[in-house]
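**Student:** Here's my sequence, what's the structure:
(one chain, ligands or ions: 2)
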Amino acid sequence: MSTPADCLFCKIIAGEIPADIVAETELSVAFRDINPQAPTHVLVVPRLHQPDIGSLAAADPGSAVALLADVRAVARAEGFEDNYRLVFNTGADAQQTVFHCHAHVFAGREFGWPPG
Ligand code: AMP
Ligand code: ZN
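**Tutor:** Ligands and ions are numbered 1, 2, ... in the order given. Predicted coordinates:
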């Protein structure tokens with residue numbers, strides 16, 4: 001598991017690695033995914049290092065709830081009121097590759113179901 005010292009998203013939050021930041025709150029930072037899978041693809045990341053959303057919810061429920069409100073604000077700021085896909089990949093089998101909790105916010109195209 002990543003620790004803050006070797007965590008990519010902790011480094012982005014700390015400003016040590018550049019990112020296209022679109023929003024910041026006391027508890028989260030939102031930036032554009034470097035490999036976008038939709039016209040809008042933003043990652044909303046809690047400042048607290050936890051490996052996934054379940055761990056965040058267990059460790060700091062308020063931060064997990066705030067993350068959802070921040071997701072909504074980002075989607076609205078991008079011009080998508082209530083029309084976006086929210087994804088939390090959790091674990092390697094679900095294709096999680098960065099083990100610092102992050103919400104993928106996708107918008108701007110139609111999405112298929114079920115997910116691949
Ligand atoms: P996941 O596979 O759910 O762990 O998502 C990790 C996401 O981080 C992927 O969509 C990557 O494209 C994205 N990513 C990796 N490195 C960067 C970076 N330096 N800046 C922005 N997004 C990144
Ligand atoms: Zn981290």
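**Student:** Name the residues of the protein found near ligand 2, please.
**Tutor:** Cys7, Phe9, Cys10, His49, His100 (Cβ under 5 Å from the ion). (Each C-beta comes from the backbone N, C-alpha and C, glycine too.)
**Student:** Kindly indicate the member of those residues with the most neighbours.
**Tutor:** Neighbour counts for the residues of the chain next to ligand 2 (other Cβ atoms under 10 Å) peak at His100, which has 26 neighbours.
**Student:** can you pull the contacts of it?
**Tutor:** Ser2, Cys7, Leu8, Phe9, Cys10, Val45, His49, Gln50, Pro51 (Cβ atoms under 8 Å, 6 or more residues apart in numbering).
**Student:** check contacts around the residue nearest to Arg85 when sequence neighbours are not counted.
**Tutor:** In space, not counting the residues next to it along the chain, Arg85 is nearest to Phe106; the distance is 4.4 Å by Cβ to Cβ, 6 or more residues apart in numbering. Phe106 sits next to Gln37, Ala38, Thr40, His41, Tyr84, Arg85, Leu86, Val87 when contact means Cβ under 8 Å, 6+ apart.
**Student:** Can you give the contact residues for the helix ranked longest in the chain?
**Tutor:** Counting by DSSP state H, the longest helix found in the chain is helix 61-77. If you take Cβ under 8 Å, 6+ apart as the criterion, helix 61-77 is touched by 22-23, 25, 27-28, 30, 42, 44, 46, 48, 53, 56-57, 81-84, 86, 101, 103, 105, 107.
**Student:** Next SSE downstream of that helix?
**Tutor:** Where DSSP states H and E defines the elements, the next helix or strand beyond helix 61-77 is strand 85-87.
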